[in-house]
Every structure is written in C-alpha cells, then in structure tokens.
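Novice: please work out how this folds:
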Amino acid sequence: MRDDESKPREPWRITEPELDEPSPHAWVAGRVWRQRRQWSRFIFEDERAGGDIFGRGEDSARAIPVTPELFARAPVMPVPPEEPVPPEGSLEEQQARLRETHEVGAEWPPDRWPVCCRRLAVLTLVNPTAAELTAWEWRRRPLTLETLDDARYEGMLRRALEDVRADRLPYMSFNVFQCHACGRVHVRLAKYPKMAPSK
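Specialist: Here you go, the predicted model:
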C-alpha cells in the first residue's frame with residue numbers, strides 16, 4: 001500500500017524476463033515458478049529491496065484447510081486440462097510439502113496456503129499484469145470478489161483488481177490459488193489491516 005495516493009499513477013511494467021525452467025511442484029503453476037525472480041513484480045514490497053530472499057525450510061507457508069463457509073462461497077472455474085493435480089494427503093503431509101517448496105508468491109512466503117479437497121491449491125497468479133489477468137480469465141472466468149479468503153476485505157481486492165485491469169501498479173499485492181481437484185478459486189491478499197486480523 002502506498003503512502004501518497006495523490007501522485008499520478010504510472011503504468012506498471014515488469015522489466016525482468018521469465019526464467020526458462022519448469023516448476024518442480026504440482027502446487028506452483030509453471031508461469032508463477034518462472035516469474036519468481038522478477039523483482040519489479042514486487043516493487044511495492046519494501047522488504048524485497050535487494051538481496052536474494054528465496055529459501056525454504058523453517059519459514060515455509062502454513063497449510064490451512066479451506067473452511068466450509070469459504071468452500072461454499074468460492075466460485076468453481078474450469079481447470080486447464082494440461083495442468084497437474086497436486087497429490088492428496090493429510091494436513092501434516094501437505095505441510096511437509098510446503099517445507100520443501102521454494103518461496104514464491106506475493107508474500108515471502110505466502111502466510112497461508114489453502115488446502116482444498118485434501119490437496120494443496122495451486123498458486124496460479126502472483127501480482128498479475130493486465131495481460132496476465134486477461135489470459136487467466138480467458139481460460140477460466142473473470143476473477144470476482146467471492147474468491148477472497150476473508151470477505152471483510154473485499155474492497156481491498158476490488159481496488160487491486162481495478163488497478164490491474166487499468167494497467168497500474170496494484171494497490172495491494174495478492175496471490176490467486178485454484179484447487180485443481182474441484183476448480184474452486186481462492187484469493188489471498190499479501191497484507192491485512194492489523195486492527196482486524198484475518199481468520
């Protein structure tokens with residue numbers, strides 16, 4: 001979130017190329033894996049300035065089961081047929097997989113990684129550009145506010161999506177996950193107000 005909202009909003013451009021390597025994890029989409037060193041994608045995250053902040057192990061994300069309420073609310077969208085389906089397993093097994101996952105996403109690492117249908121949801125978008133969001137929606141459906149993991153902050157996601165679709169640096173960074181077993185889409189913002197912690 002930027003301090004001075006009165007400044008003109010410049011077009012947002014990713015300046016680094018994607019890496020040329022496949023994702024080693026079924027729960028990290030190939031393009032997300034290839035984009036993980038594009039520092040300009042995360043230019044508004046102060047903690048990312050300089051240095052190699054990738055790692056794995058004790059700082060891994062937490063595997064969090066999707067609640068019945070969120071499962072009922074999250075929209076179901078088509079899953080591209082060529083995309084792999086992550087393995088099914090217990091919450092402990094999914095957490096072990098995340099411990100071996102290099103850090104990717106709009107947080108370092110994503111604080112909560114959804115577990116849906118006893119599988120890790122696939123991280124499919126990280127701070128997308130307008131063109132990337134359009135391509136994602138063309139293969140699935142338009143991203144809606146119902147995908148957000150905490151409905152109290154739908155206004156924040158609305159503003160971020162408006163920025164992306166207008167080709168601007170997004171108001172708030174976000175991750176888009178999709179369960180490749182049932183097709184449900186789950187969005188998580190990178191930051192939530194401290195006065196009202198997310199569930």
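Novice: residue nearest the middle of the protein, spatially speaking?
Specialist: Taking CA atoms, centre = their mean as the criterion, Asn175 is the residue nearest the geometric centre of the chain, at 1.5 Å.
Novice: what's the average pLDDT for the strand or helix carrying that residue?
Specialist: Asn175 is part of strand 174-178, with elements assigned from DSSP states H and E. Averaged across strand 174-178, pLDDT comes to 91.
Novice: I'd like the next helix or strand past that strand.
Specialist: The element immediately downstream of strand 174-178 (helix or strand, assigned by DSSP H and E) is strand 185-189.
Novice: that following strand vs strand 174-178, what angle?
Specialist: Angle between the axes of strand 185-189 and strand 174-178 is 160 degrees (criterion: axes from the mean of the first three to the mean of the last three CA atoms, to 10 degrees).
Novice: show me what strand 185-189 is packed against.
Specialist: Secondary-structure packing of strand 185-189 (3 or more CB pairs under 8 Å, 6 or more residues apart in numbering; DSSP states H and E): strand 112-116, helix 154-165, strand 174-178. In this view, the C-beta of every residue, glycine as well, is placed from N, C-alpha and C.
Novice: mind running it again at 6 Å?
Specialist: Packing partners of strand 185-189 (3 or more CB pairs under 6 Å, 6 or more residues apart in numbering; DSSP states H and E): strand 174-178.
Novice: using PDB, write out every CA atom in the strand it packs on.
Specialist: Extracted as PDB, the C-alpha positions of strand 174-178 are listed here (Å, rounded to 0.1, in the frame of the first residue of the first chain):
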ATOM      1  CA  PHE A 174      -2.300 -10.700  -4.000                       C
ATOM      2  CA  ASN A 175      -2.000 -14.500  -4.700                       C
ATOM      3  CA  VAL A 176      -4.500 -16.400  -6.700                       C
ATOM      4  CA  PHE A 177      -4.900 -20.100  -5.900                       C
ATOM      5  CA  GLN A 178      -7.100 -22.700  -7.600                       C
END
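Novice: quick check: which element contains the closest residue to Ala29 other than its chain neighbours?
Specialist: Once flanking residues are discounted, Ala29 sits nearest to Thr124: 4.6 Å by CB to CB, 6 or more residues apart in numbering. Remark: Thr124 resides in strand 122-126, with elements defined by DSSP H and E.
Novice: just give me the neighbour total for the residue nearest to Pro128 when sequence neighbours are not counted.
Specialist: The shortest distance from Pro128 to any non-neighbouring residue, by CB to CB, 6+ apart, is to Val164 (6.1 Å). Neighbours of Val164 under the rule other CB atoms under 10 Å: 24.
Novice: in contact with Val164, which residues?
Specialist: Ala130, Leu133, Pro170 (CB atoms under 6 Å, 6 or more residues apart in numbering).
Novice: and the nearest residue to Met77 once chain neighbours are set aside, what's its pLDDT?
Specialist: The shortest distance from Met77 to any non-neighbouring residue, by CB to CB, 6+ apart, is to Arg140 (3.9 Å). Note for Arg140: predicted pLDDT of 92.
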